[in-house]
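> Whatever this is, show me its structure:
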Amino acid sequence: MAMEEPKPRKWSTALIILVAIAIVLAGALGWALYALYAAPAAPQQINYPIGLAIATTGPTYQVDGPIRRDAALLAIEQMNAQLAAAGSPVRFQPIHEDTTGTADGAREALQLLAAAGVKVVVGPLSTGEVSAIRDFVTQNKIVSISPSSTGIAAAIPNDYVFRAPPTDIPQSKALAQLVDTLGYTEVAIIARNDDYGKGFADLFESTFETEYGGQVTRIAYDPTVQDLAAEVTQLAADVQGLGPGADTAVLMVAFEGDGLEILDEARLSTVLRGVRWFGSESTRRSAFLNETKIPDIVQFLLDTQFTGFFATPSLNPVSVAFEAAYVAKYPGRNPKASPYSYYSYDSAWMAMQAVLLAGKYDGEAIAKMLPVFAATYLGASGHKAMDANGDAISADYTAWRVARDASNKPYYEEFARWIFATEDIEFFA
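Residues are numbered from 1 along each chain as shown. As a prediction, this is how the structure comes out:
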């Protein structure tokens, strides 16, 4: 008898739905377990731009500018390494724009950085540049931290300009005191006719005449003019009028290109070779001691014992580590060739730390947080606490003069220190 084939079992609709639900739940449970125990995905990297409005060409900063820029780049590299080690997704991306050391160049650099979305900038370098960009950065809420502007003209509250060094007030006070202490009673000044030059000359003249009873003459020159022979001739006449004796000196307030032009003309004058020369901190330049290129100028500086002050980079663990890291990254180069490199390094650190404290990349928030961080920051250039104008409050100043070292090379010999807290000069033994 033939057997009937079994009929296929029919699945009910309810059963099918139950199976489908079970599959979905099993998949969801599996995904949940995977998400719970699997390694978390790396967070997406967040890049914050840091502008570097630092002159690296032009007659003013073609030697010093690259040294200062590279110090800021070193700080950014170190911060990124620390963020990576901490597992942070934040990274800082440097964007450099060369200001060429001019007001127009600074304005153009800031406009380019603003177009790139930059909200915090290291630079510009000079007071003239800072003054030129002040309105733009304030209106657009872009924080500018200058590593080397010291002119009193830029000491203005409630703007977006901050400065890592103190103003010229303590420096000019220290220099007037040193000139008097060394026995000079008459000083012929030759200074740039810009915010920095006028401000420094005004401060020195007022202190020297009011507090020490000295006599001052002054020549203000156009820093854009390349031939300053007429101004140097007038300087010689001023010295002659004061009496070119042991109590008469010259004070030069200049930058690199214009300073070299003045010195090149002055070395030819018997009158100017016969008196002591002093310089503002802006004249402590490695370019002035290049004996291969300008041997006659170097000899003139030696003969006239060219002397000045500089806001002393603090000797502390941060400055020591900075010097070692700089030399390691840039073999054959020395940050001491441009002391403002220490301030550039600190400016970059303050910029980045202010961003991190703000918790967002916003110019207004960064501007609020910058003084908060600076109040307790000990950097390579010392304490960075700021006054109401956003300028560093204090620094000691080291006196230097051009001399020869044991190997007969010209260098800036340090011989005294002016103490900010006491306003005393301490001469080294």
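> in the stretch 51-200 of the chain, which spans are helices?
For the stretch 51-200 of the chain, helices defined by DSSP state H, counting those that start in this stretch occupy the ranges 64-85, 103-115, 127-139, 168-181, 195-212.
> To residue 279, which of those helices lies closest?
In terms of Cβ to Cβ, the element of those nearest to residue 279 is helix 168-181, at 9.1 Å. Just so you know, the C-beta spots here come from the backbone N, C-alpha and C atoms, and that holds for glycine as well.
> What's the mean pLDDT across the closest one?
What helix 168-181 shows for mean pLDDT is 97.
> looking at the helices of the stretch 51-200 of the chain, which is closest to residue 325?
Closest approach to residue 325 among the helices of the stretch 51-200 of the chain (Cβ to Cβ): helix 64-85, 6.1 Å.
> Now do the buried residues in the closest one.
Buried residues in helix 64-85, counted by 16 or more other Cβ atoms under 10 Å: 64-76, 78-80, 83.
> And stretch 413-429, by the same measure?
So stretch 413-429, judged by 16+ other Cβ under 10 Å, has buried residues 416-418, 420, 425.
> Cross-reference those with the strands and report the matches.
Assigned to strands by DSSP state E, the following of those qualify: 416-418, 425.
> Return the distance of the one residue sitting closest to the centre of the chain relative to residue 81.
Most central in the chain under Cα atoms, centre = their mean is residue 147, positioned 1.9 Å from the mean C-alpha point. Separation of residue 147 from residue 81 (Cβ to Cβ, to the nearest Å): 22 Å.
> same thing with residue 326?
From residue 326 to residue 81 the distance is 15 Å (Cβ to Cβ).
> Tell me how many other residues crowd residue 152.
20 (other Cβ atoms under 10 Å).
> ok, it touching residue 199?
Yes - in this structure, residue 152 is within contact of residue 199 by Cβ atoms under 8 Å, at 4.3 Å.
> Need the overlap of contacts for the two.
residue 168 (Cβ atoms under 8 Å, 6 or more residues apart in numbering).
> Next, the angle helix 64-85 makes with the one helix or strand residue 344 maps to.
Assigned by DSSP states H and E, residue 344 belongs to helix 340-358. Angle, helix 340-358 to helix 64-85, by axes from the mean of the first three to the mean of the last three Cα atoms, to 10 degrees: 40 degrees.
> Point out the other helices and strands that helix 340-358 packs with.
strand 46-53, helix 64-85, strand 90-97, strand 120-122, strand 143-146, helix 317-329, helix 363-374, strand 378-379 (3 or more Cβ pairs under 8 Å, 6 or more residues apart in numbering; DSSP states H and E).
> could you list every residue that touches residue 367?
Neighbouring residues of residue 367 by Cβ under 8 Å, 6+ apart: 141, 143, 160, 354.
> Identify the residues contacting the second one.
Shown here is residue 143, whose contacts under the criterion Cβ under 8 Å, 6+ apart are 119-121, 137, 160, 162, 351, 354, 363, 366-367, 370.
> Put together a markdown table for those residues, with distance to residue 172 and pLDDT on each row.
Shown next, in a markdown table, are the contacts of residue 143 (distance: Cβ to Cβ, whole Å; pLDDT from 0 to 100):
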| residue | distance to residue 172 | pLDDT |
| --- | --- | --- |
| 119 | 34 | 98 |
| 120 | 30 | 98 |
| 121 | 27 | 98 |
| 137 | 27 | 98 |
| 160 | 26 | 98 |
| 162 | 21 | 98 |
| 351 | 28 | 98 |
| 354 | 30 | 98 |
| 363 | 32 | 98 |
| 366 | 31 | 98 |
| 367 | 28 | 98 |
| 370 | 26 | 98 |
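> Next, format these as CSV and append distance to residue 185.
CSV is the format used below for these (distance: Cβ to Cβ, whole Å):
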residue, distance to residue 185
119, 51
120, 47
121, 44
137, 43
160, 43
162, 39
351, 45
354, 47
363, 50
366, 49
367, 46
370, 43
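> Of those, which pair is most distant in space?
Pairwise across these, and taking Cβ to Cβ, the largest span is found between 137 and 354, at 14.5 Å.
> how about the helices and strands packed on helix 340-358, which one is nearest residue 258?
helix 64-85 (13.9 Å).
> average pLDDT across that closest one?
On average, helix 64-85 scores 97.
> the inter-axis angle of that helix versus strand 90-97?
Comparing the axes of helix 64-85 and strand 90-97 via the same axes, to 10 degrees yields an angle of 170 degrees.
> Give me the helices and strands touching helix 64-85, please.
strand 46-53, strand 90-97, helix 317-329, helix 340-358.
> what does stretch 59-73 contact?
Here stretch 59-73 has contacts from 50, 52, 54-57, 94, 96, 100-102, 122, 125-126, 147-148, 255-258, 285-287, 322, 326, 329-330, 333, 335, 337-338, 340-345, 347-348, using Cβ under 8 Å, 6+ apart.
> From those residues, list just the buried residues.
Judged by 16+ other Cβ under 10 Å, buried ones among these: 50, 52, 54-56, 94, 96, 100-102, 122, 125-126, 147-148, 255-258, 285-287, 322, 326, 330, 335, 337-338, 340-345, 347-348.
> hmm, back to that, so which of the contacts of residue 367 is the most crowded?
residue 143 (30 neighbours).
> which non-adjacent residue is nearest it?
Leaving out its chain neighbours, the residue that sits closest to residue 143 by Cβ to Cβ, 6 or more residues apart in numbering is residue 120, at 4.4 Å.
> Same check on residue 146?
residue 163 (4.7 Å).
> for residue 278, which residues make a bridge with it?
Applying DSSP bridges to residue 278 yields these beta-bridge partners: residue 251, residue 307.
> thought it was touching residue 306?
Yes - using Cβ under 8 Å, residue 278 is in contact with residue 306, at 7.4 Å.
> Contact partners for residue 101?
The contact partners of residue 101, by Cβ under 8 Å, 6+ apart, come to 55, 58-61, 65, 125-126, 129, 255.
> repeat that for 6 Å
55, 58, 60-61 (Cβ atoms under 6 Å, 6 or more residues apart in numbering).
> who wins for neighbours among these?
residue 61 (30 neighbours).
> State the phi and psi torsions of that residue.
phi -130, psi 20 (degrees, to the nearest 10).
> Repeat that for residue 243.
Dihedral angles (degrees, to the nearest 10) for residue 243: phi 100, psi 100.
> Can you give me the neighbour number for it?
So residue 243, with other Cβ under 10 Å, has 13 neighbours.
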